[in-house]
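Chemist: prediction below, plus the sequence it came from.
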Amino acid sequence: MTRQPRTIALVGIDGSGKTTQAHRLADDLAGGGLRAAYRRNAGGRRWFGRLAARLGRGDDAEDLLGRPAMLLVESVLRWLAILRTLLRRALTGEITVMDRYAVCQYASLRARAARPAAERRARRAYRLFPRPDVTFLLAVDPQVAHDRIEARAYDHESIDYLSAAAAAYRSLPEHDSFVVIDANGTPGQVAAEIRARLPRPAPVTPARARARALMLAGAPLLAGATALGYQLAEVL
């Protein structure tokens, strides 16, 4: 990499430690005197899963909404989260550390056996967002991930799905651009490897032109609304 990273994404299957490591990395950078912040990029599955349980409709988001509708909702929420994060970064000049990005949605669609057309529409919606400067793929054995998920005790994933998700990440065309991290170790070991493979960013000033933020918002909003509209029409 020839330039300092401004946007850092951590991706991988559930149980790989994305959120833990994103928090640690943001705190580490901020502790070093840099303007850095963790930004969440959730797709709403956990919230809808809890709602399904409260309504007696099962314990999974798809039990409540169905698979096509949940994939649509997940795509929309993740798209909006990325837009909000990039707008904030443009205005503040912060180093942004995210625990998911667009590739997570592509992997989710593949792992859940969505039709190829669904991924094509998702890619149209997300393509105007710039790729992160660094994308760390936290590679973990599905059994290790499963054990971690069971230990935290607030959600569940099957070994079959986790294996399919791991294969989906490896199948993405973006895979060769990922910095692959062995995430089977302790949180401290994983954090050390991430830091060792991340170029040290230089401090930046928060000043940014507001026009840049408006341009960032306008084009993706138009493209995303069009692409996601096609997906909505198919579901309804």
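Modeler: Sure thing, it's come through.

Chemist: can you name the residues that contact T96?
Modeler: 6-8, 36-37, 39, 85-86, 88-89 (Cβ atoms under 8 Å, 6 or more residues apart in numbering). All C-beta spots, glycine's among them, are computed from the backbone N, C-alpha and C.

Chemist: so how far is L172 from it?
Modeler: Summarising the geometry, the distance separating T96 from L172, computed by Cβ to Cβ, to the nearest Å, is 21 Å.

Chemist: read off the pLDDT value for A183.
Modeler: At A183 the predicted local distance difference test score is 97.

Chemist: circling back: in strands, which of the contacts of T96 appear?
Modeler: Within the contacts of T96, membership in strands is found for 7-8, 36-37, 39, as judged by DSSP state E.

Chemist: reformat these as a markdown table; add pLDDT, neighbour count and distance to L25.
Modeler: A markdown table is the format used below for those (pLDDT from 0 to 100; neighbours: other Cβ atoms under 10 Å; distance: Cβ to Cβ, whole Å):
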| residue | pLDDT | neighbour count | distance to L25 |
| --- | --- | --- | --- |
| T7 | 93 | 22 | 12 |
| I8 | 95 | 25 | 7 |
| A36 | 93 | 20 | 8 |
| A37 | 93 | 18 | 11 |
| R39 | 88 | 21 | 12 |
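
Chemist: turn the residues you listed into TSV, including distance to R115.
Modeler: Below are these laid out as TSV (distance: Cβ to Cβ, whole Å):
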residue	distance to R115
T7	30
I8	32
A36	39
A37	36
R39	30
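
Chemist: out of those, which one sits closest to D27?
Modeler: A36 (8.2 Å; Cβ to Cβ).

Chemist: the residue lying farthest from the centre of the chain in helix, strand or coil?
Modeler: Of all residues in the chain, G56 sits farthest from the chain's C-alpha centroid, using Cα atoms, centre = their mean; the distance is 29.0 Å. With DSSP: H, G, I helix; E, B strand; the rest coil as the basis, the three-state label of G56 is coil.

Chemist: hey, where'd the strands end up in the chain?
Modeler: For the chain, applying DSSP E gives strands covering 7-11, 36-39, 95-98, 134-139, 179-182.
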